[in-house]
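A.B. asks: test case, fold it:
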Amino acid sequence: MSDETAAASLLLNAEAVRSRAHRMLALGLDDKLPNFRVELARLDAAADLVIATMRETYPSLAIPFHSRWRHFTVAGHNRFDAAEHLAGSSDRFTRARSAFDLAIISVLLDAGAGTQWRYHDAATGELIGRSEGLALASLDMFAGGAFSSDPRDSLRADASALMATTPLTLSKGFQVTEENPLVGLAGRAALLQALGARVAANPGVFARNDRARPGGLLDHLVALSDDGKIPAPRILSEVLHQLGPIWPSRLTLGGVALGDCWRHPLIVTPGPTNELVPLHKLSQWLTYSLIEPLQAAGFTVTDLDGLTGLAEYRNGGLFVDSGVLALRDPNQAAREHDVGAALIVEWRALTVALLDRLASAIRAKLKMDAATLPLAKILEGGTWAAGRAIAQKRRADGSPPIKVVSDGTVF
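C.D. replies: Residues are numbered from 1 along each chain as shown. Alright, predicted model coming up:
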């Protein structure tokens, strides 16, 4: 293994995300960042806003984990459970593989939809946008067998069917028209094609007990568990190593694709990882979404707070809209920025570190600890919802305070 390859592996974990994010925050607290000022005095008010949001939805603070599964429940009706009841299996591992298949596909399709797109939900007649609409669209496609090569088993995803996915496939499933455009359609299709190819090429991971399928990752994780326990950061590490090569060609180091990892000139470190800032937003979102299927299969997931908060525009928007983060040049808010721009990398890293600070403030106010109120619950309760709510108050279309050019594979 070359020095660069070894260095790359050090960036494919949650601790790397957290440590470099806090380095960015330290620079911000010293007023040394080029794009943002950090107004830490405003964090207390942001914590109060999040607590109010949490209590509005979850008065007893019995908050579920932040994960894709929340979006499959509409008006108290769990649509995946209903599909499983009709066509699923009673075997816990078969059910868990199916849940893994759906979670992986749905998360990969979950990048920002844009402000115009809506999904017409046949069950309720509602037009549903953003992440909830994407979730229902992906679930309906999955339950309808769109990703299965076996007509007798619709609740699965196979490598061959994924590799055959095209923009037209998704366009039909997501009801895309000129009047109902979806951002990053081609990028989403390419991601599913790459997922299928990756799964097919690695049967030792994805085809241990079945034909090659994303849900085969369950069996790989089970093999790594210790007495029925597996740490959440270990799940993320496996997601990054096993699925990392599917991401579009961005930064690589020693031949290793670094995924959601970017450069910022002020994150100076010795060696080949100099200036690199890993964030791994979708991979961590996926990891959070794999926890419940593992638990349902009888496994215990430990060290939940070993994962970080998510570097996405709702959490990041919360800090900008509440004044914790302030653009040095307010005119930047009116411009579109590439996801790899230093301003966006700065914003996203600051978001991760500030979520840790915010979580501590919220727990102190509620007299709770990380065991009773883990970050996964604060995100759900929570910062994501508060970020959306404050965006809708500040801007008519509910858009984030900073515009990012998306290819459908990051946000």
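A.B. asks: list the contacts of residue 272.
C.D. replies: 3, 4, 7, 8, 253, 254 (C-beta atoms under 8 Å, 6 or more residues apart in numbering). Quick note: C-beta positions are derived from backbone N, CA and C, even for glycine.
A.B. asks: mind checking which of the residues you listed are in helices?
C.D. replies: Among the contacts of residue 272, the residues falling in helices (DSSP state H) are 3, 4, 7, 8.
A.B. asks: now tabulate the residues you listed in JSON lines and tack on distance to residue 363, pLDDT and neighbour count.
C.D. replies: Formatted as JSON lines, the ones in helices among the contacts of residue 272 follow (distance: C-beta to C-beta, whole Å; pLDDT from 0 to 100; neighbours: other C-beta atoms under 10 Å):
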{"residue": "3", "distance to residue 363": "40", "pLDDT": "88", "neighbour count": "11"}
{"residue": "4", "distance to residue 363": "40", "pLDDT": "93", "neighbour count": "15"}
{"residue": "7", "distance to residue 363": "35", "pLDDT": "94", "neighbour count": "19"}
{"residue": "8", "distance to residue 363": "34", "pLDDT": "93", "neighbour count": "24"}
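A.B. asks: you'd agree residue 145 is in a helix?
C.D. replies: No - counting by DSSP: H, G, I helix; E, B strand; the rest coil, residue 145 is not found in a helix; it is coil.
A.B. asks: so what's the residue count around residue 182?
C.D. replies: Neighbourhood size, residue 182 [other C-beta atoms under 10 Å]: 26.
A.B. asks: try residue 22
C.D. replies: Number of residues near residue 22 (other C-beta under 10 Å) recorded here: 18.
A.B. asks: that one reaches residue 351, doesn't it?
C.D. replies: No - using C-beta atoms under 8 Å, residue 22 is not in contact with residue 351, being 11.9 Å away.
A.B. asks: the lengthiest helix in the chain: which residues count as buried?
C.D. replies: For the chain, the helix with the greatest residue count under DSSP H is helix 342-366. Neighbour-count burial for helix 342-366 flags 342-359, 361-363, 366 (criterion: 16 or more other C-beta atoms under 10 Å).
A.B. asks: now it: average pLDDT?
C.D. replies: The average pLDDT for helix 342-366 rounds to 98.
A.B. asks: pretty sure residue 327 is touching residue 35, no?
C.D. replies: Yes - between residue 327 and residue 35 a contact is recorded at 6.7 Å, counting by C-beta under 8 Å.
A.B. asks: these two - which one has more neighbours?
C.D. replies: More neighbours surround residue 35 than the other of residue 327 and residue 35, with 22 against 16 (other C-beta under 10 Å).
A.B. asks: helix or strand: which one has residue 98?
C.D. replies: Taking DSSP states H and E as the criterion, the element that holds residue 98 is helix 92-108.
A.B. asks: now do the residue lying farthest from the centre of the chain against residue 145, distance only.
C.D. replies: Using C-alpha atoms, centre = their mean, the residue of the chain lying farthest from its centre is residue 152. It sits 31.0 Å away. Per C-beta to C-beta, to the nearest Å, residue 152 is found 9 Å from residue 145.
A.B. asks: for the contacts of residue 272, which one is nearest residue 271?
C.D. replies: residue 7 (5.8 Å; C-beta to C-beta).
A.B. asks: neighbours of residue 180, how many?
C.D. replies: By other C-beta under 10 Å, the residues close to residue 180 number 16.
A.B. asks: so what's it up against?
C.D. replies: By C-beta under 8 Å, 6+ apart, the neighbours of residue 180 are 116, 117, 118.
A.B. asks: three-state assignment of it?
C.D. replies: Following three-state DSSP, the label given to residue 180 is coil.
A.B. asks: could we number from 20 for the rest of this?
C.D. replies: Sure, I'll start counting at 20 from here, so that last one is residue 199.
A.B. asks: do you know how far it is from residue 51?
C.D. replies: Per C-beta to C-beta, residue 199 is found 44 Å from residue 51.
A.B. asks: kindly report the same for residue 185.
C.D. replies: Noted for residue 185: a distance of 47 Å to residue 51, by C-beta to C-beta.
A.B. asks: neighbour count for the two, which is higher?
C.D. replies: Counted by other C-beta under 10 Å, residue 185 and residue 51 do not tie: residue 185 has more neighbours, with 14 against 9.
A.B. asks: residue ranges with poor pLDDT in the stretch 320-430 of the chain?
C.D. replies: Applying pLDDT under 70 to the stretch 320-430 of the chain picks out residues 426-430.
A.B. asks: now the strands: where do they sit in it?
C.D. replies: Using DSSP state E, counting those that start in this stretch, the strands found in the stretch 320-430 of the chain span residues 344-346, 355-357, 422-424.
A.B. asks: which helices and strands does the last one pack with?
C.D. replies: Which is strand 422-424. For strand 422-424, the elements it packs on are strand 355-357, judged by 3 or more C-beta pairs under 8 Å, 6 or more residues apart in numbering; DSSP states H and E.
A.B. asks: and the contacts of the strand it packs on?
C.D. replies: Applying C-beta under 8 Å, 6+ apart, the contact partners of strand 355-357 are 362, 363, 421, 422, 423, 424.
A.B. asks: residue contacts, the most centrally placed residue in the chain?
C.D. replies: Residue closest to the average C-alpha location in the chain (C-alpha atoms, centre = their mean): residue 304, at 2.7 Å. The contact partners of residue 304, by C-beta under 8 Å, 6+ apart, come to 86, 87, 126, 129, 329, 331.
A.B. asks: now with 6 Å?
C.D. replies: 126, 329 (C-beta atoms under 6 Å, 6 or more residues apart in numbering).
A.B. asks: how much space is there between it and residue 195?
C.D. replies: 23 Å.
A.B. asks: understood, closing this out.
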